[in-house]
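**Q** missing the sequence, but the structure's below:
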């Protein structure tokens, strides 16, 4: 038996799924990147505390007036917050922080409408960082990933898929940005141009030392509620080793840089479930080249409350998160 920190899906949309199956599918922690703010009703609807994951969230999407996703049919009412000028930035960030958000989400999707002006985006980032909150950006369209980087965002919610990024930009991003993978949304197993662009960008970003988190954009199309075989296989195909994949799954929820824990939301409900651990039965394949065997082993993971395991199987060292830099040294 292998016991690890609860696996993290760093990009989900809890408003669009039933999260009750996440723990059985090997996911014990989630970062909701837009559209969901916990309430008593939403937590109850998610099922018992034993089945609901430890949830961190961004609250509303902050974007330009009329911008993505305010006009998208899938976006729940009230899930987008328009920020029309730098003067509106602090208030928009404060509303998310007051609701208990632990990350701020901005949208830069020039393919779907107007995007935040550079000075407004910079003001949002500055306001979030003053409050010790990281900023995640949805970038889509030529130049939007570069715009997010220039503004000082901390996370890209998706591996860039609109264009091949130049090597110089990738190298600069690797020193400061974290990318969330979400490769499988581009075709859900079918070969698409966006999947190949994203995979090439991620492979080159990883090769120059960029930090990658496992994330699926769960709620966007036919994705499994739990670990996604196709996402794991895509990461391995991009050059991540099995240890790199484990590091991406067991990473801490992003913070900036190590601020205080998110405040209890105004609802009085803290959006975190029980402290769970990942339990994988059977032995991990010893052959580092047996990627199929590693993937099969990984997909047998389940999340259990730490209290459900005997104390002797929870030594401190068994819950150490792998460090990607140490693994590659």
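**A** All right, it came through fine. Fair warning: this is a prediction, and the values are worked out from it, not measured in the lab.

**Q** And the helices in the protein?
**A** Along the chain, counting by DSSP state H, helices occupy 40-45, 89-98, 118-130, 144-151, 167-174, 193-207, 229-237, 242-250, 291-298, 324-328.

**Q** Going by mean pLDDT, which of those comes out lowest?
**A** Mean pLDDT is lowest for helix 324-328 among the helices of the chain, at a mean of 40.

**Q** what's stretch 109-120 in contact with?
**A** The contact list for stretch 109-120 (CB atoms under 8 Å, 6 or more residues apart in numbering) reads 62-72, 83-86, 88-89, 106-108, 124, 138-144, 147, 150-151, 162. No exception for glycine: its C-beta is placed from N, CA and C like everyone else's.

**Q** could you flag which of these are buried?
**A** 62-64, 67-70, 83, 86, 88-89, 106-108, 124, 138-141, 144, 147, 151, 162 (16 or more other CB atoms under 10 Å).

**Q** For the helices of the chain, give me TSV that also has distance to residue 214.
**A** Output for these, formatted as TSV (distance: least, CB to CB, whole Å):
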stretch	distance to residue 214
helix 40-45	24
helix 89-98	24
helix 118-130	23
helix 144-151	19
helix 167-174	18
helix 193-207	12
helix 229-237	7
helix 242-250	4
helix 291-298	11
helix 324-328	12
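
**Q** Ok, which of those comes nearest residue 18?
**A** helix 40-45 (8.4 Å; CB to CB).

**Q** picking that back up, what's the most buried one of the helices of the chain?
**A** Comparing the helices of the chain by mean neighbour count (mean count of other CB atoms under 10 Å), helix 242-250 comes out on top with a mean of 22.

**Q** how far does that one sit from the chain's center?
**A** A distance of 14 Å separates the centroid of the chain from that of helix 242-250, by CA atoms, centre = their mean, to the nearest Å.

**Q** Which strands or helices does that helix pack on?
**A** Under the contact definition 3 or more CB pairs under 8 Å, 6 or more residues apart in numbering; DSSP states H and E, helix 242-250 sits against strand 2-5, strand 211-213, helix 229-237, helix 291-298, helix 324-328.

**Q** what's the angle from the fourth one to helix 242-250?
**A** The reference is to helix 291-298. 30 degrees (axes from the mean of the first three to the mean of the last three CA atoms, to 10 degrees).

**Q** All good on my end, thank you.
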